[in-house]
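Student: Fold the stuff below for me.
(chains A, B, C, D, E and F)
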Amino acid sequence: MITAMIWTLMISAALGFWRVIVGPTVPDRIVAADALSIILTTTLALLGLVFNNPVFLDIAIAFAVLAFADVLIMAKFFEHGELHL
Amino acid sequence: MSTLLRESAAFVLMAGGAFFSLASVIGIIRFPDIYTRIHAGTKALTGGATLVLLGAALYAPSWQISAKLFLIAAFLMATNPIASHAISRACYRHGMKPVLAFIDEYGNSEEKRDRT
Amino acid sequence: MSSKPYIFRIASLILCVSLGLMLFRGIAALPVTEKVTGPASHYLARTAGETGARNVVGAILFDYRAFDTLGESTVIFTAVCGIAMLFSRRKFHRSSRGLSFIAKRGIGIMVPFLLMYASVIILFGHLSPGGGFQGGTIFATVTVLLCVVFGSSFESQYFPPRTKDILESGGALLFSGIGLIGLAAGTGFLSNIAAGFPAGTFGSFLSAGSVPILNVAVGMKVGAGLSTIFYSMIKMLDAGHDHREGGGIE
Amino acid sequence: MILLSYATAVIIFCIGLYTIMIRRNLFKTVLGLALMESAVLLIIVSSGYIPGGVPPIAPFSGPAVNPLPHAFTLTAIVIGASDIALALAFIVKLHRHYRTVDLDRIRGLRG
Amino acid sequence: MTLVLAIMVPLLSAFLVPLFHLARKTLSVGLIGIMGLASISAALAAAHTGWYSPAVSLLGGWAPDIGIALVGDRLSSAFLLMTAIGSGAALACALEKFGGGPWRFYALFFLMLGSMNGILLTGDLFNLFVFYEIFSVAAYLMVAFSMSWQALEAGLKYLVLGTIGALFILLGTAFTFMATGVLNMALLAEALASIPRETLTAISACLVLGLTIKTGAFPVHFWLPDAHSSAQTAVSALLSGVLIKVSIYALMRVCYIFFLGTNGAVFLAITVIGSFSVLGGHLMALRQDDIKRLLAYSTVAQIGYILIGIGCASAAGAAAAVFHAFNHMLMKMGLFITAGNLSEEKGTREICGLTGLWKSHPLWVSAFAVLSASIVGIPPFNGFMSKWFIILSSAGAGTVIPALVIAAGTVISAAYYLRVLSAFISPDEGSSYDLPPYVPRKPRRRSVSFAIVGSFALLCLVLGVMPFSPIFREYFSSIGQTAVDVEAYVGLVTGR
Amino acid sequence: MSLSFMIFLYVFLIATALVISAINDILSAVITLSVFGILLATAFAILQAPDVALTQAVINSGIVTALFLVAFSQTEKPECYSEEEEE
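Tutor: Next up, the predicted model:
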């Protein structure tokens, strides 16, 4: 059952990657990459369940906590065309 | 009995979550412009991921794993809306117009606020 | 995009493919390992007794091969030194321009959790995955986030560059000092239990001798170092239009 | 399965090297370096894997994988990150003078 | 104990420099000098230990197969002596020129000193990679230290190539680890004999390719002339005189320990690379107009000589290579310091502009003449002796072509050094070039630089005579014996 | 995990690397690099290396992307990507 979930999520990720490749504007790519990061975070969490070992969930926590940092800095960059830091 | 109930509930939650994830990715691919894609890629996806994680937490054999899965879900729900808000605002500020949109309420209010 | 001649691309492709084939042949000739052998089996079997750490990778990094870790954090020290050298002598107007109110408030709620998470990663490095590098990098990420969301003046108000310098050198000196204690005890540089550090009870928070202290030292060093790299690199953002020749020390 | 990861790693290594050799943009060079480094990391981590292994965190509930490559990889990741940071700093400094990141238009980098 | 201190004293100095800067803002020359003296004396103490009683220092008290061991033997101590002399001279020049101002430069300098000692003393392959990476990062930044655009370009080029080289070294280390499961070099020497042939080929290709890129031999040499010519004078001297030698040591140690009994083709490859380096370096140097670029290409050629010596795979060849490395350190540091000072004096680095110096600076020019005579290989000087030993040992290895290459290279190098010297001696024509009007600077005191150059020139003379004494010959042949005697190394580390 | 899943993951990884190598826009390549890092961390997790996966996750999504963007924002003007890629 969990294997089926993981497969579904990975196929979703592969479909989302199509938007990263073709996405006509940069924000499309950013949104798709953000979606990919969420999907793969969920996948990692399910992998921890498959391996039945809580240490794998630490990786998923790290992604859940940090993956939006990328998106924030990309968004700021895109908003002004440069980073006003 | 309770095990069966728990597992079937977990299965329903996870299947719903996976369905939402898939649907939102299809939305990212099929929707016409960036704002609708953001709409698909964050709302539905956050909900889907949360559902999957809650289902997994129900299914998990030990309470440590369940606690960590709840934590992941909480963090995702806390961070992802910020990111999507930032990017949609960035798109709007950058000057990208939504297609098929006639009324720009946010833009009007934004304009007024910036003027004052 | 490429203006390189066609023949050059073909030659590069052939070179890369032949290199890859050679490498793959080299790997494929090896027998498949079914069992851990060599020193690694020693680590797996006796880490708990010899160092008291649950995380074998952490024990290798901070006890058996701690000298590598010292060298590795010295690489970051060197890079920080150099990048700060490259971008010195620039006027830097700190900006307080940030993202929207929603992002600011959201980050404001998130940051304490992030700091707590980083501290947990560092302090439990001998019990669970993680350690000085990972926790230090999360600290650096927090400063990056503060820079992005609140503007760099806010960040430099809370984490001034001077503090980062002191933390970085202090971490390096702490690491070296722990090593020199082992040297003074006569059991070799960077020795842990043998130099008299208490082993504690296996699996508890205060265990594994000097491993948690070294974790903290590396966390200070890496966090301050990566943060300083980012801070030095954003320094030039608004000094964008000067064409001064040179600028170095003549 | 392990041969599969070795093959993947070697392919990524070659893609990185090819990128460095062909592309004129300096950022592409740095991206190629990042790819090559990741490939080497993948090779090292795969070399420690044993079928049916568990992570090397005591107490083990089975045969644990080789922990030594993980330690090397940790070291190499941080070293690679500092290398990439240094390369980016150099590129930014050079862009100050030439206003370009095109390899062919920067005088000294052609040879 | 002394082995660890030789690494830790420079590193501790480097960690302390930023704190001193925070406290005082400008560092005094005396403080840096004391730190440098401490570092160099620690290195010399380690060299003494390694020479008279070869020692193994077990870090953390773990056995060599599970921990890291530092090994000091006669080869290490010869190179330790070399780097101590060279970096001491470079530090003195830098202190004279910059004073205590650029504190980050001194931090980088001490980091580089510590990592060089680490490379020379470590007995562990992965630890070698780590120290090599500190060393390389410090070297990239020292190249870029002058912050001119040429220096930045050279630094970037060096960085990209050096990182590729480091990745190849890491890949070779990974393959070695996969094949054997250990990383201690002494244990690897035993374990590598029984691994599959293809893997051995891949390992040797990766390691030799990576170390060759770092060394700057001919096919991948193009970072070297830019890097060495665009740096500051003291840094150029350090880069060309000392850093290259550390790479040579790593190549020598790794190749002799790993491939002496297993893969003889490696040494053939090194000989071929060396021969091409000699010819290519000399021919490129002949075409240069910039004096520092000329000296840098000459360095490529001299690396070729050393590589030919290593490629002989015999004790005599190793001894000759070490002797030539030592001589090259003396000669090239002296030449770079002299050329840098003279060209700063004239305000140009073009050879045709450096005229009339014999009148104004006779002592400098005569020192330059002695050093260049030595590097060309005029008989009474040391360059001749070491080249002669290299030719002898390569003839002893059974090939003639390297000897012919060396002879041809000598002729070419005589041509371009004579060109430089004739420019120095010819009278100052002044206005025949459209040089920018030269404003004479305030004359600087250069007594320390000149003392270093003069003593190096004297040492060249002395070392040209020394090989006739049997004690000296015995010393050098014992270095060669140590280099090729793998069993003794294994016995020293494992205690068997 | 099963073999087919590994094949899927590795093909995905190679595809990401190819996109990084082939795409002309640097910003898109950097975005793809972050996806590559996540996939690599997943591979590390499957290879039973949680420490390495954690480090890769943290470094890749925190620092490397930020440094790339900072460097990129100082070298490219915004016009060169926003106009030419409008739908």
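
Student: List the buried residues of the helix or strand hosting C:Met22.
Tutor: When secondary structure is defined using DSSP states H and E, the element that contains C:Met22 is helix C:6-28. Residues of helix C:6-28 classed as buried by neighbour count (16 or more other CB atoms under 10 Å in any protein chain shown): C:Ser12, C:Cys16, C:Leu19, C:Gly20, C:Leu23, C:Phe24, C:Arg25, C:Gly26, C:Ile27. In short, each C-beta sits where N, CA and C put it, glycine included.

Student: Quick check on B:Ala90: phi, psi?
Tutor: Recorded main-chain torsions at B:Ala90 are phi -60, psi -40, according to degrees, to the nearest 10.

Student: pretty sure it is touching A:Thr25, no?
Tutor: No. Here B:Ala90 does not reach A:Thr25: they are 11.6 Å apart, not a contact under CB atoms under 8 Å.

Student: just to revisit the earlier point, at contact distance from chain D, anything in the helix holding C:Met22?
Tutor: Yes. Among the residues of helix C:6-28, C:8-9, C:12-13, C:15-17, C:19-20, C:23-24, C:27-28 lie within reach of chain D under CB under 8 Å from any CB of the partner chain.

Student: Which of those sits closest to E:Leu187?
Tutor: When those are compared for distance to E:Leu187 (CB to CB), C:Ile27 comes out closest, at 21.4 Å.

Student: can you pull the contacts of the closest one?
Tutor: Residues in contact with C:Ile27 (CB atoms under 8 Å, 6 or more residues apart in numbering or on different chains) are D:Leu3, D:Tyr6, D:Val10, D:Ile43, E:Phe175, E:Met178, E:Thr199, E:Ala202.

Student: same check, this time on E:Val71
Tutor: Contacts of E:Val71 by CB under 8 Å, 6+ apart are E:Pro54, E:Ala55, E:Val56, E:Ser57, E:Leu121, E:Thr122, E:Gly123, E:Met185, E:Ala186, E:Tyr489, E:Leu492, E:Val493.

Student: would JSON lines of those residues with distance to C:Ala217, secondary structure and pLDDT be doable?
Tutor: Putting the contacts of E:Val71 into JSON lines (distance: CB to CB, whole Å; DSSP: H, G, I helix; E, B strand; the rest coil; pLDDT from 0 to 100) gives the following:
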{"residue": "E:Pro54", "distance to C:Ala217": "33", "secondary structure": "coil", "pLDDT": "86"}
{"residue": "E:Ala55", "distance to C:Ala217": "28", "secondary structure": "strand", "pLDDT": "84"}
{"residue": "E:Val56", "distance to C:Ala217": "27", "secondary structure": "strand", "pLDDT": "86"}
{"residue": "E:Ser57", "distance to C:Ala217": "22", "secondary structure": "strand", "pLDDT": "84"}
{"residue": "E:Leu121", "distance to C:Ala217": "23", "secondary structure": "helix", "pLDDT": "90"}
{"residue": "E:Thr122", "distance to C:Ala217": "22", "secondary structure": "strand", "pLDDT": "89"}
{"residue": "E:Gly123", "distance to C:Ala217": "25", "secondary structure": "coil", "pLDDT": "86"}
{"residue": "E:Met185", "distance to C:Ala217": "28", "secondary structure": "helix", "pLDDT": "87"}
{"residue": "E:Ala186", "distance to C:Ala217": "31", "secondary structure": "helix", "pLDDT": "87"}
{"residue": "E:Tyr489", "distance to C:Ala217": "34", "secondary structure": "helix", "pLDDT": "87"}
{"residue": "E:Leu492", "distance to C:Ala217": "33", "secondary structure": "helix", "pLDDT": "86"}
{"residue": "E:Val493", "distance to C:Ala217": "29", "secondary structure": "helix", "pLDDT": "85"}
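
Student: Let me have those in CSV, adding distance to E:Ser136 and neighbour count as columns.
Tutor: Putting these into CSV (distance: CB to CB, whole Å; neighbours: other CB atoms under 10 Å in any protein chain shown) gives the following:
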residue, distance to E:Ser136, neighbour count
E:Pro54, 28, 19
E:Ala55, 27, 18
E:Val56, 26, 17
E:Ser57, 24, 23
E:Leu121, 18, 29
E:Thr122, 15, 29
E:Gly123, 20, 28
E:Met185, 20, 25
E:Ala186, 25, 25
E:Tyr489, 25, 23
E:Leu492, 28, 20
E:Val493, 26, 22
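
Student: Find the nearest non-adjacent residue to residue 43, please.
Tutor: Going with chain A. A:Leu9 (4.8 Å; CB to CB, 6 or more residues apart in numbering or on different chains).

Student: meant chain F, my bad for not saying
Tutor: With sequence-adjacent residues excluded and distances taken as CB to CB, 6+ apart, F:Ala43 is closest to F:Leu9, at 6.0 Å.

Student: Let's verify D:Gly62: helix, strand, or coil?
Tutor: State at D:Gly62, reduced to three classes by DSSP: H, G, I helix; E, B strand; the rest coil: coil.
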